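predicted coordinates and the sequence they were generated for:
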Amino acid sequence: MAAEPHFSIERIRRTEPFSMAFDHMHDSYEIYYLLSGERYYYIDNRLYALQAGDLIFIHKHGLHRTTNKGDASHERILINFDEAFISPSLDIQETRELLVEQHFLLRPGERERVVILGMLEALLEEKDRNDPFRNIYQRSLLVQLLVYIRRLHNVQYMPIVPEGSGKQQRVYAIIEYIEAHYIESLTLDQLSSAFYISSTYLCKIFKQTTGFTVVEYIRYVRIRQAQQYLRETRWPVTRIAEQTGFDSIAHFGRVFRQLTGRSPLQYRKQYERKRN
């Protein structure tokens, strides 16, 4: 039995400090629009400084969180949805063109912000409507919004770049190394030696920049890759454990459940139900 298509939208204003304690990811896509205030936004452990009017598209399975920047007061609109929600309106190729396999950040001009906000407010208004046409109209509005922001993304000439202090650049390099070598037996001593810094300092700057310990991030990278193998291959779980750097199937299963709340086989079966 296929899972129900997912769509949600919410508008929240906060006047007190609010920071997510941990990075998170999910099986749905996310659109984040900052109406007022400032925020720091971490996406796959790159740090971006957002201002009012900025929009972020987060691909599914992307690691992200928001934290305070400047005055704590801010207001945002957040949308979460999966492919199944918009697929009745699109063919496979159109869906792929809209749901690009990457995150992107936009800083629209004043005219473009008016258009985006109009679409978002229409979606919010439709959220509280109780009639048989609500889902159809929400789907139509969401597709219009996705087309509009993809067009902006295609012509955006001033991308929002990550924050880039020397410390952060070093951590970004360490992240890239982990992403390329997760199948190996990575240790703190190995990483500190490769980047010519002490393991104590490495742990400190990594935690400050990403919110993860080094060990936590290595586990996250391995489990994220394992999820991809579970979705896209028929490999047995033992092979997936080996291909993602785990030294035993028991260790792999324990870490997978800790991070996802499910066993590897439960994750595969759930994804197959969504696909069917």
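Okay, I see it.

low-confidence bits of the stretch 101-250 of the chain, can you list those?
Where the stretch 101-250 of the chain drops to pLDDT under 70, the residues are 156-161, 163-164.

what ranges do the strands span in it?
Taking DSSP state E, counting those that start in this stretch, the strands of the stretch 101-250 of the chain run over residues 104-106.

Q227: how many residues sit nearby?
Neighbour count for Q227, taken as other C-beta atoms under 10 Å: 22. The way it works is simple: take the backbone N, C-alpha and C, and place the C-beta from them, glycine included.

with H181 instead?
By other C-beta under 10 Å, the residues close to H181 number 16.

for the remainder of this discussion, apply numbering that starts at 12.
Taking 12 as the first residue, the last one we looked at is H192.

that one and F263: what is the separation?
Distance, H192 to F263, by C-beta to C-beta, to the nearest Å: 18 Å.

please apply the same query to Q219.
Taking C-beta to C-beta as the measure, Q219 falls 29 Å from F263.

quick one, which of those two is more surrounded?
F263 (22 against 11).

average pLDDT across the one helix or strand T77 maps to?
Assigned by DSSP states H and E, T77 belongs to strand 75-79. For strand 75-79, the mean per-residue pLDDT is 81.

using PDB, list the CA coordinates for that strand.
C-alpha atoms of strand 75-79 as PDB (Å, rounded to 0.1, in the frame of the first residue of the first chain):
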ATOM      1  CA  HIS A  75      20.300  21.300   7.600                       C
ATOM      2  CA  ARG A  76      19.400  23.500  10.600                       C
ATOM      3  CA  THR A  77      18.900  27.200  11.400                       C
ATOM      4  CA  THR A  78      20.500  29.200  14.200                       C
ATOM      5  CA  ASN A  79      20.300  32.700  15.600                       C
END
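
and the helix or strand just after that strand, which residues are buried?
Counting by DSSP H and E, the next helix or strand C-terminal to strand 75-79 is strand 85-92. Residues 85, 87-88, 90-92 are the ones in strand 85-92 that count as buried (16 or more other C-beta atoms under 10 Å).

now swap in stretch 186-193 and tell me
Neighbour counts over stretch 186-193 (16+ other C-beta under 10 Å) mark 186, 189, 192-193 as buried.

with stretch 119-127 instead?
For stretch 119-127, the buried set under the neighbour-count rule, 16+ other C-beta under 10 Å, comprises 119, 123-124, 127.

please enumerate the helices of the protein.
Listed in chain order, the helices of the chain (DSSP state H) span 94-97, 103-109, 121-138, 145-166, 177-192, 199-205, 210-221, 225-243, 248-254, 260-271, 275-286.

so what's the gap between the first one and the chain middle?
A distance of 17 Å separates the C-alpha centroid of helix 94-97 from that of its chain, computed with C-alpha atoms, centre = their mean, to the nearest Å.

cool, and the third one?
Averaging C-alpha coordinates over helix 121-138 and over its chain gives two centres that are 22 Å apart (C-alpha atoms, centre = their mean).

so what touches it?
20, 22, 44, 46, 64, 66, 88, 90, 119, 145, 148-149, 152-153, 155-156, 159-160, 163 (C-beta atoms under 8 Å, 6 or more residues apart in numbering).

now with 7 Å, please.
With C-beta atoms under 7 Å, 6 or more residues apart in numbering as the test, helix 121-138 has contacts from 20, 22, 44, 64, 66, 88, 119, 145, 148-149, 152-153, 155-156, 159, 163.
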